[in-house]
Each structure stands twice: as C-alpha cells, then as structure tokens.
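[1] Fold the following, please.
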Amino acid sequence: IRWNVAHLIEGEVKEIHAENDAWRLTYVQDEGQPSQSITGNGLVITGPGPAKPIEIRPDGIYQRVLDGQTFWQNLDKFTDIPFGEEPIGVIGSGETAASVVIALLQNLENEIPILVMNRQGAIFSRGESYGENRVFSDPEEAGWSDFSYSDREEFIKRTDRGVFSLDSKALIDGCRHVTHMRVDVEHIKIVDEFGEDRPRVIGPYTNVQQEIPLSYVIVAVGFNPWWFTDCIHGPLKGFMLDTDHRKILERDIEYDLSLPSRQVSPKLFVPMLAGYAQGPGFPNLSCLGNLSDRILGAYVTAP
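    Coordinates of the predicted model:
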C-alpha cells in the first residue's frame, strides 16, 4: 500500500469555508504576511479551545486573575508569595482545577492557603477501576452504544466531569492549607487596595451572599470545545452557534467521530465533542489508536 505522507504547515487559521464538497482553510504564517489557503475533503478539529471565562467587574485584564491557559504562563509569580497574603482561589471542580492546585503546591515556597471553590459539596474523586478504564480505552468492546442516554451522562459525571484523579486527590488531602469552599461564583470583583488591583469572588456561600478577598484567582472551569465556530463562515456558522442545535449534533456524532453528515458536509471530525455519542475516552486522549482508526476508516477500506 502506498501512502501520501502528510506535511506540516505552520500558521494561524483565520477562516474555514465549506465549498464544493471540500473545506477551504485560509491562514497566515506570519503577521503582516498575505493570507494563503488550502483545501481538503475532511477536517479534524483538535485541542480543547480557549478557557471558559467568568465575568470580571469592572471589565478588563488584571494581573491577579488568571485562567487555565494564562496560569501556566505566569507560574513564576507563585514562588515567593509572602506569609500574610490572602488565600489563592482556584475556581473549578475538574482536572483543570486539580492540575492548577498541584502546580501551586509544587511551586509555593510558603504554605499560602489555597481555596478550591465550586458548587459541589466536596472535592470529588474520579472512578478509576478496571471497569471504568475499559470504557475509556475501548468503548465499542465495553458496549458504550448500549448505554442509555441517562447512563452515559451518569458515567461521564462520575468519571470525567467535575472530578479529580485519585493521585491528585491523595496529594491534596495531605495538605492542610488546601481547603474547599462550596460557593456558586457569580462574578469576580476587582477592588483597589493599597494602589493594587485585588480580586474578590462574589457569590452565595451557605445561602448568604459573600465577598471573598483573595490574593490571586485562577479560573479553572474548563475550556470551550466549540471554539472552532469562530473561524467557520457561511450557513453552518449560525447553525453551530445555536445551543439547542449543538446538543443535537453532539448526540448524533457518527462512528467515525464526524458531525452528522446529513447536517454537516463535508466530513468535520470533532473527537473533543464525541464523548457522549461514541465514548468518553475520545475527548481526553484515552484511546488515541482507536480515535485515529475511526477517522481514517472514513477514507480507507481495510483489506
């Protein structure tokens, strides 16, 4: 069998158009350079997308409010925070929040209090037995298609959404300066304190509206897997922006991990969105071989 070897093009995609049963991508390689385009009869969207935001008042960019992306770019800020500072707030309940807390524990020289803030009653751990992992690594063999919709939601909730891994949970449980606060964060308020912008989290805690002062806030509530719609142009864009349509599309993602062909053509493969329809391991790198087999299977017939 002879294969055409793929090649890498470095650049930033600006626009995605569906034209004549093909995708046309417009991209720029360097700022200020003219745009170029490339076409193909299939398109695979990868990556988690940008971090989900929480409203900040007044609106702006502040050095003490970070998210699941900018936190890693500013990790050096968390090496020498002196004693007496307000706690560091980490908003979130899933693996993004867990990785942020672990990084803080590894980088903070002083035991500055860390508050994990979310709507849950506790920091829940992920189910990681053989049975759960089998569904992630081989959903077809594990019978994912036989699960009812409610069973799928419950499985993903217990194993992949709003939960910390067992290793992360064990490490955090051994640190007395990491605590959990059940608060429904409504927004982040910025106040001027001694000539510095300081964040405060606003939301109900134990049924009472609270204003919680913090030294830093890391918004770790996850990422937007539908980020690619910003680049799509044409009739598909409005269709994909509709929240109700998105739910329908996610339920109907096909075996090859593409959006339903009766509604989206040519093939648009979205493994980040395929967890509910095809198996929970496709969005989180738990079954990469299976993922590539399904996508390539749309074009190649095995002997």
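[2] Centroid-nearest residue for the chain?
    Against the mean C-alpha coordinate of the chain, by C-alpha atoms, centre = their mean, the closest residue is Phe223 at 3.0 Å.
[3] dump the residue contacts of that residue.
    Counting by C-beta atoms under 8 Å, 6 or more residues apart in numbering, Phe223 makes contact with Pro48, Gly49, Pro50, Ala51, Lys52, Gly68, Thr96. (C-beta placed from N, C-alpha, C; glycine too.)
[4] In PyMOL, how would I select the buried members of those residues?
    Filtering the contacts of Phe223 down to the buried ones (16 or more other C-beta atoms under 10 Å) takes a single PyMOL command:
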select buried, resi 48+49+51+68+96
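[5] ok, so of the contacts of Phe223, who is nearest Asn207?
    Comparing the contacts of Phe223 against Asn207 with C-beta to C-beta picks out Lys52 as the nearest, at 25.6 Å.
[6] Show the pLDDT at that closest one.
    The confidence metric pLDDT takes the value 91 at Lys52.
[7] wait, isn't it in contact with Val221?
    Yes: at 5.0 Å, Lys52 counts as touching Val221 under the criterion of C-beta atoms under 8 Å.
[8] and Glu254, how many residues sit next to it?
    By other C-beta atoms under 10 Å, the residues close to Glu254 number 17.
[9] Identify the residues contacting it.
    Neighbouring residues of Glu254 by C-beta under 8 Å, 6+ apart: Pro260, Ser261, Ala277.
[10] Asn20 now?
    No contacts exist for Asn20 under C-beta under 8 Å, 6+ apart.
[11] and what of Asp184?
    Going by C-beta under 8 Å, 6+ apart, Asp184 touches Arg119, Gly203, Pro204.
[12] is it true that Ser99 lies in a helix?
    Yes: judged by DSSP: H, G, I helix; E, B strand; the rest coil, Ser99 forms part of a helix.
[13] Can you give me the distance of the spatially closest residue to Pro82 that is not a sequence neighbour to Lys237?
    Excluding its sequence neighbours, the residue lying closest to Pro82 (C-beta to C-beta, 6 or more residues apart in numbering) is Asn110, at 6.8 Å. Using C-beta to C-beta, to the nearest Å, we find Asn110 at a distance of 49 Å from Lys237.
[14] No further questions, thank you.
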